[in-house]
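[1] I would like to see how this sequence folds:
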Amino acid sequence: VASRWRRLRRSHARRSVMGPLLRKWSLIVHVGSSVGWLGAVVGFFALAVVALVTDDAQPSQANYLAMNDLAWLTILPACLLSLASGIVQSLGTPWGLLKHWWVVVKLLITVVSTVVLLIHMGPISDMANIAADTLVLGSEHDRLRLQLVVDSGAAAIALLTAMSLSILKPRGQTPFGTAA
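    I've put the predicted structure just below:
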């Protein structure tokens, strides 16, 4: 079993476009940015839930301001770095960008999550501006407040799904993978 594993590792290394050191560093960047993205989204979700259910205006307002900073300074950069490093990682390793279904599905989850995040950066900033300019958040903002909870919860589920695919690596090659 050990010799089979060594042969598999050697053949895997030979098929890589990147050298072993570059491959490891790109993997570190990808995993770090992806885990950071997930962690920041979970933190955003917690702040959104507390801001939605609290009766005290001051902590609620502080949460919306913090959520805006978290989105712009952590979530968006981690998202973009995760997407870019994932593409680099897939193109530089034998997994390929379009060879395995799990990579394709993970790429789709990441691209859709990135687009949805970019679309929702406006409402996040809007809620922070409302919180900064208003002494008491009225019920007219409940829909937007609830949207922030639901969207961040859905994002966490999507990112957990992508992470699970990376760990489990389900079998199955695309037509591009079987032709290679």
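[2] contacts and neighbour counts: CA atoms only from here.
    Fine.
[3] now Leu70: how far from Leu38?
    Separation of Leu70 from Leu38 (Cα to Cα, to the nearest Å): 12 Å.
[4] The two: which is more packed in?
    Set side by side, Leu70 and Leu38 give different neighbour counts by other Cα atoms under 10 Å, the larger being at Leu38 (22 against 16).
[5] Which secondary structure element is home to Ile167?
    Ile167 is part of helix 142-168 when elements are defined by DSSP states H and E.
[6] so who does Ile87 touch?
    Shown in contact with Ile87 (Cα atoms under 8 Å, 6 or more residues apart in numbering): Leu97.
[7] so which strand or helix has it?
    Using DSSP H and E, Ile87 maps to helix 76-92.
[8] chain center to that helix: distance?
    Offset of helix 76-92 from its chain centre (Cα atoms, centre = their mean, to the nearest Å): 10 Å.
[9] Tell me the first helix or strand C-terminal of it.
    Next element after helix 76-92 (DSSP H and E): helix 101-133.
[10] which residues touch stretch 161-171?
    Under Cα under 8 Å, 6+ apart, the answer for stretch 161-171 is 100-103, 105-106, 109-110.
[11] And the average pLDDT for it is what?
    Taken as a whole, stretch 161-171 has a mean pLDDT of 94.
[12] Surely Trp37 and Thr74 touch.
    Yes - at 7.4 Å, Trp37 counts as touching Thr74 under the criterion of Cα atoms under 8 Å.
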